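**Student:** Here is a sequence together with a model predicted from it:
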There are 2 protein chains.
Amino acid sequence: MADSRKERRGSYAKGVAKREEILERALDVIAREGYRGASIKELADAVGLSQAGLLHYFDSKEELFTAILRKRDEIDSAGFGLYQPDGSVSSGDLRAGYLGVIRHNADVPGLVHLFARLSVDASDPDHAAHEFFVSRGQTLREVFAAVITKQQAAGEVTDRIDPDVLARVFQAVADGLQVQWMLEPDVDMAGTIDALFAALDPRSDADRNGARGGEAS
Amino acid sequence: MADSRKERRGSYAKGVAKREEILERALDVIAREGYRGASIKELADAVGLSQAGLLHYFDSKEELFTAILRKRDEIDSAGFGLYQPDGSVSSGDLRAGYLGVIRHNADVPGLVHLFARLSVDASDPDHAAHEFFVSRGQTLREVFAAVITKQQAAGEVTDRIDPDVLARVFQAVADGLQVQWMLEPDVDMAGTIDALFAALDPRSDADRNGARGGEAS
DNA sequence: GTCTATATGTTGATAGAC
DNA sequence: GTCTATCAACATATAGAC
């Protein structure tokens, strides 16, 4: 959470503001133009800075790309109402919000690619993004598990599985579907997840409706 | 499936044999000692060849690592009875076999890492492993969907979801759990998947038993 | 068939001018 | 604060000796 800032005094505020501006611009560029290789130079060109100019704001390449993903989460959280540690997400909003994020992902292939790539690299405990991914996953699952627990009590989700485990499953499905989607863009990520939600809903035993997702290939 | 062979005559068989030997050795080394960066040189050292010597058997780095994963699948298929295109997998064997593979993965972290990394890189249609991953996924899902269809008819799996979609879900869960596991080795991949199997089993409504998986953090 | 040597390229990061 | 110039480190791939 705590950003690593180098400047101590003077143009402190300006530096932070510019940093944020860079992140937003980078986010936009990566989302639209995609992400391949992700060298600092490539990104620097895209945001209109030299490579050294860009590295003035970030200590290293890893830190830079981690900051970009952090920023992405920040924006998505605000837009879809997820990830809050206080668990202030209502049951109905979770499913809708989660599906909203997934659906949105299909519009930002470059970010999906960056996320997937970095999450693999970050398995190294020394990687700058390691902590980010670990704690991001924990928070995400906590929010999910809390809502699932409530939904199970209300009979909206099968209680045949532990909430923590199911939360982990949903995280895994989302991540795994992204890989499938990157390989075959016809894959319907949101539809597939929605179908899983439906399959785990004990109601709708008689009337079956949303049981179908996409079936590319 | 068709290997790209360079040599036409002469020591043809010998070359292929050596190639296989290299792959097996590489598989073993990566599985045990892990995989970081995965340069050709690193692998060459591990298998007791110079970098150039290793590249004598493979056209490029991408092709080499693709061949390694192909070999891994080959061995796993034989050992656990999966991936056969003819769908000769019995219902009971699928769940057991799949869990067997997942459980085995926890013993070969380097291979899991290589697989995850390459599957992301292979999203580029020009990547040498692109075709491999696409067709691997298709075959895997076909086998799964066929078995699920039978199980649904037998009332062993909920019919509240389309078999093709559920097959995709299982693939996604497995891939996604691998990422979680690489980040946090305490994650119980097999246990989580088994819990999902159980949650989707309409039987065991009264007696609930295997509904719990691992809950690391 | 395997090696050494090398061509060629790219990367992340730093030094220093402005 | 941003640039140009430069660095060392490493990668893949190839040429050619043995």
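**Tutor:** Here it is on my side, so go on.
**Student:** Okay, now the unreliable bits of chain A?
**Tutor:** For chain A, residues meeting the criterion pLDDT under 70 lie at A:1-14, A:37, A:81-88, A:91-92, A:204-217.
**Student:** which residue is nearest the centroid of it?
**Tutor:** Central residue check for chain A by CA atoms, centre = their mean: the C-alpha nearest the mean position is that of residue A:73, 5.8 Å away.
**Student:** close enough to count as contact, that one and residue A:136?
**Tutor:** Yes - between residue A:73 and residue A:136 there is a contact under CB atoms under 8 Å: 6.8 Å. Heads up, the C-betas are built off the backbone N, CA and C, glycines and all.
**Student:** Take the host helix or strand of residue A:193, keep the C-alpha atoms, and write them as PDB.
**Tutor:** Using DSSP states H and E, the element containing residue A:193 is helix A:189-199. These are the backbone C-alpha positions of helix A:189-199, laid out as PDB (Å, rounded to 0.1, in the frame of the first residue of the first chain):
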ATOM      1  CA  MET A 189     -15.600 -15.100 -19.600                       C
ATOM      2  CA  ALA A 190     -18.600 -13.400 -18.000                       C
ATOM      3  CA  GLY A 191     -21.000 -15.900 -19.400                       C
ATOM      4  CA  THR A 192     -19.100 -18.800 -18.100                       C
ATOM      5  CA  ILE A 193     -18.800 -17.400 -14.600                       C
ATOM      6  CA  ASP A 194     -22.400 -16.500 -14.600                       C
ATOM      7  CA  ALA A 195     -23.300 -20.100 -15.500                       C
ATOM      8  CA  LEU A 196     -21.200 -21.300 -12.500                       C
ATOM      9  CA  PHE A 197     -23.100 -18.900 -10.300                       C
ATOM     10  CA  ALA A 198     -26.300 -20.300 -11.600                       C
ATOM     11  CA  ALA A 199     -25.200 -23.900 -11.100                       C
END
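**Student:** For residue A:29, see how far away residue A:70 is.
**Tutor:** Relative to residue A:29, residue A:70 is positioned 17 Å away (CB to CB, to the nearest Å).
**Student:** Kindly report the same for residue A:131.
**Tutor:** 26 Å.
**Student:** same check, this time on residue A:76
**Tutor:** 17 Å.
**Student:** can you pull the alpha-carbon coordinates of the longest helix anywhere in chain A into CSV?
**Tutor:** For chain A, the helix reaching the highest residue count under DSSP state H is reported as helix A:130-153. Below are the C-alpha coordinates for helix A:130-153, written out as CSV (Å, rounded to 0.1, in the frame of the first residue of the first chain):
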residue,chain,number,x,y,z
HIS,A,130,4.9,-10.5,-4.9
GLU,A,131,3.3,-8.8,-1.9
PHE,A,132,0.8,-7.1,-4.1
PHE,A,133,-0.5,-10.3,-5.6
VAL,A,134,-0.6,-12.1,-2.3
SER,A,135,-2.5,-9.5,-0.4
ARG,A,136,-4.7,-8.7,-3.4
GLY,A,137,-5.8,-12.3,-3.5
GLN,A,138,-6.4,-12.5,0.2
THR,A,139,-8.6,-9.4,0.2
LEU,A,140,-10.5,-10.5,-2.8
ARG,A,141,-11.3,-13.9,-1.2
GLU,A,142,-12.2,-12.3,2.1
VAL,A,143,-14.8,-10.1,0.5
PHE,A,144,-16.1,-13.0,-1.5
ALA,A,145,-16.2,-15.4,1.4
ALA,A,146,-18.1,-13.0,3.5
VAL,A,147,-20.8,-12.5,0.9
ILE,A,148,-21.0,-16.2,0.2
THR,A,149,-21.6,-16.9,3.8
LYS,A,150,-24.5,-14.6,3.9
GLN,A,151,-25.9,-16.0,0.7
GLN,A,152,-25.6,-19.5,2.0
ALA,A,153,-27.6,-18.5,5.1
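**Student:** Toward the C-terminus, what is the element adjacent to that helix?
**Tutor:** helix A:163-183.
**Student:** Determine how far that following helix lies from the middle of the whole chain.
**Tutor:** 11 Å (CA atoms, centre = their mean, to the nearest Å).
**Student:** quick one, phi/psi of residue A:59?
**Tutor:** Residue A:59 has phi and psi values of phi -70, psi -30 when expressed as degrees, to the nearest 10.
**Student:** and stretch A:138-147 with chain B, contact?
**Tutor:** Yes - against chain B, stretch A:138-147 shows contacts by CB under 8 Å from any CB of the partner chain at residue A:138.
**Student:** Correct me if wrong: residue A:43 contacts residue A:28.
**Tutor:** No - taking contacts as CB under 8 Å, residue A:43 lies outside contact range of residue A:28: 11.6 Å.
**Student:** Pick out whichever of the two has more residues nearby.
**Tutor:** residue A:43 (22 against 14; other CB atoms under 10 Å in any protein chain shown).
**Student:** how many degrees apart are the longest helix of chain A and helix B:163-183 in direction?
**Tutor:** Interaxial angle, helix A:130-153 versus helix B:163-183 (axes from the mean of the first three to the mean of the last three CA atoms, to 10 degrees): 140 degrees.
**Student:** buried sites along helix A:130-153?
**Tutor:** If you call a residue buried by 16 or more other CB atoms under 10 Å in any protein chain shown, then helix A:130-153 has these buried ones: A:130, A:132-134, A:136-137, A:139-152.
**Student:** Quick one: list the elements packing against that helix.
**Tutor:** helix A:61-80, helix A:91-105, helix A:163-183, helix B:163-183 (3 or more CB pairs under 8 Å, 6 or more residues apart in numbering or on different chains; DSSP states H and E).
**Student:** Of all those helices, which one is nearest DNA strand D?
**Tutor:** helix A:61-80 (13.0 Å; CB to the nearest atom of the strand).
**Student:** Neighbours of residue A:38, how many?
**Tutor:** Neighbour count of residue A:38, defined by other CB under 10 Å: 18.
**Student:** nope, residue A:41 is what I meant
**Tutor:** Counted with other CB under 10 Å, residue A:41 comes out at 12.
**Student:** give me every residue that touches residue A:200.
**Tutor:** The contact partners of residue A:200, taken as CB atoms under 8 Å, 6 or more residues apart in numbering or on different chains, are A:157, A:158, A:161, A:166, B:199, B:200.
**Student:** I figured the third one hits residue B:199, correct?
**Tutor:** The one in question is residue A:161. Yes - Residue A:161 lies in contact with residue B:199 (CB under 8 Å); the separation is 3.8 Å.
**Student:** before we move on, the earlier item: out of the contacts of residue A:200, who's nearest DNA strand C?
**Tutor:** Looking across those and measuring by CB to the nearest atom of the strand, the closest to DNA strand C is residue A:166, at 37.7 Å.
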